[in-house]
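Q: Only the shape, not the letters, is given here:
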């Protein structure tokens, strides 16, 4: 649709009393290739195409969508939404001009032959399978997405964005007699097919297979309260889930967060500084502009233990009387946007991570975390340790299995007493009210001096 048509629709959106109107246009292409044990089991492609229409009056919201991007269809949808309001008309600002952006995509995936993609995936699959006869299953999946969006609203925003994501899923299953273990990695970036040249995916594949084999000999961990050293990268999922979600305005505005009304207060130990950055180059969680058309930015959340900020979208920002932080996101045009994370991380400290282990007389080294659950209203969480080792007299000893980290986000922040200088990110998909979106979680290696570790109690 052209700009004049969009302006015309927005002009009509505030006629019955809404004070904000928004159109979110989207066209997305999604590709996937799945390989198991050296055989291609699935190649698929799909397209998402449509427009979402949102009206606000204060913090009251109505939302609708259609996959028919035609002026008359959108106007009909708009008329239905406008019926929710019965008040004096409000003024619409003339649409402005788009801001430029540059994604630096060097190998757009649509220009790469499927045969090359399959060949690279088969190579990674073989690396895992050939690691040992104990590897009974190797899986490599390629996920590609290109999302083109255009956001226009009655405040005058008129902004497009292009998001390109490529991710490789690597999984190995090892079996020895009755024992069976599975490990997983899912590196992804805001990139095209150049991902295969930028990352050492062969090393990822080898490490995944080796980790599965190591876990076959892992011992059941004894449950208890102990120090836990949580490794970098995906270890940051605890901060993301137990602390990041409660810092989103969707929780703060409703008072459903342990961090509500605590700006300027101490919420963590002095060694904790944390950010959510929406525009790290090539990051999996990156956007040039959020899903309300605002430039993304680096948001300081916690500084030396002091709470400094929240992640705010337009609707919840009205309730809070706060401006947007470029943190509004949605899965697709079928969802209304709300405050969400991008790349959320605890910042670097000064220690070498090996020294943190050396300083720990007894505890658990959680090298890789898996899935878990969290209650954003309370911050209570539990996370499975996918790969873990005991620490005894400052050294890594036995591999352990069955470990689960159990605690409360607001309490754990005060228990962090060591932060290393090896910040890395892990990639995942985060689900919430506005759908499933790509995010980075990150941290350096940290030590939590006291946390409950669930497991099988035995002597």
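A: Looks like it arrived, so ask away. Computed from a prediction, not measured in an experiment: that's the story for all the values here.
Q: Partner strands of the helix or strand where residue 49 lies, with direction?
A: Using DSSP states H and E, residue 49 falls within strand 39-57. Partners of strand 39-57 in the sheet, by DSSP bridges, are strand 20-36 (antiparallel), strand 60-66 (antiparallel).
Q: Give me the helices and strands touching the strand or helix carrying residue 354, please.
A: Residue 354 belongs to helix 353-358 when assigned by DSSP H and E. Packing contacts for helix 353-358, counted by 3 or more CB pairs under 8 Å, 6 or more residues apart in numbering; DSSP states H and E, involve strand 224-230, strand 395-401. Where C-beta positions appear, they are placed from N, C-alpha and C, glycine not excepted.
Q: In terms of secondary structure, what does the helix or strand of the chain with the lowest mean pLDDT contact?
A: Of all helical and strand segments in the chain, the minimum by mean pLDDT, DSSP states H and E falls on strand 362-375, at a mean of 90. Judged by 3+ CB pairs under 8 Å, 6+ apart, strand 362-375 is in contact with strand 224-230, helix 237-239, strand 380-392, strand 404-408.
Q: could you redo the last one with a cut-off of 6 Å?
A: For strand 362-375, the elements it packs on are strand 224-230, strand 380-392, judged by 3 or more CB pairs under 6 Å, 6 or more residues apart in numbering; DSSP states H and E.
Q: Which residues outside it are in contact with it?
A: For strand 362-375, contacts defined as CB atoms under 6 Å, 6 or more residues apart in numbering pick out 226-231, 234-235, 237, 241-242, 381-389, 391-392, 396, 453.
Q: looking at the helices and strands packed on helix 353-358, which is buried most?
A: strand 224-230 (a mean of 21; mean count of other CB atoms under 10 Å).
Q: so how far is that strand off the chain centroid?
A: Centroid separation for strand 224-230 versus its chain: 25 Å, with CA atoms, centre = their mean, to the nearest Å.
Q: what is the mean pLDDT for it?
A: Strand 224-230 shows a mean pLDDT of 97.
Q: Direction included, what does that strand pair against?
A: Here strand 224-230 has these sheet partners by DSSP bridges: strand 362-375 (parallel), strand 446-454 (antiparallel).
Q: before we move on, back to that, tell me which of the helices and strands packed on strand 362-375 sits nearest to residue 217.
A: With CB to CB as the measure, strand 380-392 is the member of the helices and strands packed on strand 362-375 nearest residue 217 (11.6 Å).
Q: still on that earlier bit, buried residues in the helix holding residue 354?
A: Residues 353, 356-357 are the ones in helix 353-358 that count as buried (16 or more other CB atoms under 10 Å).
Q: Okay, now the unreliable bits of this protein?
A: For the chain, applying pLDDT under 70 flags the ranges 456-459.
Q: check which helix or strand covers residue 84.
A: Short version, using DSSP H and E: residue 84 is in no helix or strand.
Q: How about it, nearest residue that isn't a chain neighbour?
A: Leaving aside its chain neighbours, residue 84 sits nearest to residue 62 (4.7 Å; criterion: CB to CB, 6 or more residues apart in numbering).
Q: May I see the helices and strands packed on strand 362-375 arranged in a markdown table, with distance to residue 250 as well?
A: Supplementary listing: the helices and strands packed on strand 362-375 in a markdown table, determined by distance: least, CB to CB, whole Å:
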| stretch | distance to residue 250 |
| --- | --- |
| strand 224-230 | 26 |
| strand 380-392 | 18 |
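Q: and residue 106, which of those strands is closest to it?
A: strand 380-392 (32.7 Å).
Q: For the closest one, which helices and strands make contact with it?
A: strand 362-375, strand 395-401, strand 404-408.
Q: Redo those strands as JSON lines? Include distance to residue 219.
A: As requested, the helices and strands packed on strand 380-392 are arranged in JSON lines below (distance: least, CB to CB, whole Å):
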{"stretch": "strand 362-375", "distance to residue 219": "12"}
{"stretch": "strand 395-401", "distance to residue 219": "5"}
{"stretch": "strand 404-408", "distance to residue 219": "15"}
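Q: what's the closest of the ones you listed to residue 7?
A: Nearest to residue 7, of these and by CB to CB, is strand 362-375 at 42.8 Å.
Q: Run the angle between that closest one and strand 404-408 for me.
A: 60 degrees (axes from the mean of the first three to the mean of the last three CA atoms, to 10 degrees).
Q: How far off centre is strand 362-375?
A: Distance, centroid of strand 362-375 to centroid of chain: 17 Å (CA atoms, centre = their mean).
Q: how about that strand: buried residues?
A: Residues 363-369, 372, 374 are the ones in strand 362-375 that count as buried (16+ other CB under 10 Å).
Q: Out of the helices and strands packed on strand 362-375, flag the one nearest residue 349.
A: Proximity of the helices and strands packed on strand 362-375 to residue 349 was assessed by CB to CB; the nearest stretch is strand 224-230, lying at 12.9 Å.
Q: returning to what we had before: and residue 72, which of the helices and strands packed on strand 362-375 is closest to it?
A: Closest among those, using CB to CB: strand 380-392, at 48.7 Å.
Q: neighbouring strands for the closest one, and are they parallel or not?
A: Strand 380-392 has its sheet partners listed here by DSSP bridges as strand 362-375 (antiparallel), strand 395-401 (antiparallel), strand 404-408 (antiparallel).
Q: Need the residues that contact the second one.
A: Read that as strand 395-401. 214-215, 218-219, 221, 365, 388-390.
Q: Name the member of those with the most neighbours.
A: Among those, the one with the most neighbours (other CB atoms under 10 Å) is residue 388, at 30 neighbours.
Q: just checking, that residue touches residue 403?
A: Yes - between residue 388 and residue 403 there is a contact under CB atoms under 6 Å: 5.0 Å.
Q: Ok, which of the helices and strands packed on strand 362-375 comes nearest residue 156?
A: Per CB to CB, nearest to residue 156 of the helices and strands packed on strand 362-375: strand 380-392, 41.3 Å.
Q: residues in contact with the closest one?
A: 211, 238, 241-242, 357, 360, 362-374, 396-400, 403-406, 408.
Q: go on, stretch 106-117?
A: Against stretch 106-117 from outside (CB under 6 Å, 6+ apart): 33, 142, 144, 192-194.
Q: what do you get if the cut-off is 10 Å, keeping everything else the same?
A: With CB atoms under 10 Å, 6 or more residues apart in numbering as the contact definition, stretch 106-117 has outside contacts at 29, 31, 33, 40, 43, 45, 105, 119-120, 142, 144-146, 164-166, 191-198.
Q: If residue 55 is in a bridge, with which residues?
A: What pairs with residue 55, by the bridge criterion (DSSP bridges), is residue 21, residue 62.
Q: Check the spacing between it and residue 400 real quick.
A: 54 Å (CB to CB, to the nearest Å).
Q: re the thing from before, how far does the helix holding residue 354 sit from its chain's centre?
A: Distance of helix 353-358 from its chain centroid, counting by CA atoms, centre = their mean, is 28 Å.
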